[in-house]
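Student: Pasted the sequence and its predicted model underneath.
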Amino acid sequence: MTFGSDAAKVGWKWALILLHLLLWAALALQAYRTAGAAEFASCWQIVFLIVPPLIILFLVIAISSVLVVLAAFFRPSICRHPGFWVACHGMILTGGLLVCNYSAYAAAGQVDCLP
């Protein structure tokens, strides 16, 4: 059980997680509203083709975040480490990008980004 300033620190961490989730929800909604042919909401994945190190960075963030959060199920002491909170934000980032992609696809279907 946490008391005093420790409880406030944990509360702020959960508030940041919630804020991060709300940000990605808003971005997914905007992607759904603005999706179309040759629009950024539908074609942002081209950035990974233009700057190849970004896909490597994205994969490293995604894989390491998932591994840390999965490890926390078996070793709950990991949850007290600051890296756990970074991994939570990494999973939200990964999930947010995937949901934005899916929402744009749901709105406009498959589009041609390279005419």
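Tutor: In hand now; what should we look at?

Student: host element of the most centrally placed residue in the chain?
Tutor: Central residue of the chain (CA atoms, centre = their mean): Leu93, 1.4 Å from the mean position. If you go by DSSP states H and E, Leu93 is part of helix 82-108.

Student: Now that helix: average pLDDT?
Tutor: For helix 82-108, mean pLDDT is 92.

Student: Which secondary structure elements does it sit against?
Tutor: Contact partners of helix 82-108 among helices and strands, from 3 or more CB pairs under 8 Å, 6 or more residues apart in numbering; DSSP states H and E: helix 5-34, helix 40-43, helix 52-74. Quick note: C-beta positions are derived from backbone N, CA and C, even for glycine.

Student: if I look at Leu114, how far off is Leu98?
Tutor: 21 Å (CB to CB, to the nearest Å).

Student: Compare neighbour counts for those two and give me the winner.
Tutor: The residue with more neighbours, out of Leu114 and Leu98, is Leu98; 13 against 7, by other CB atoms under 10 Å.
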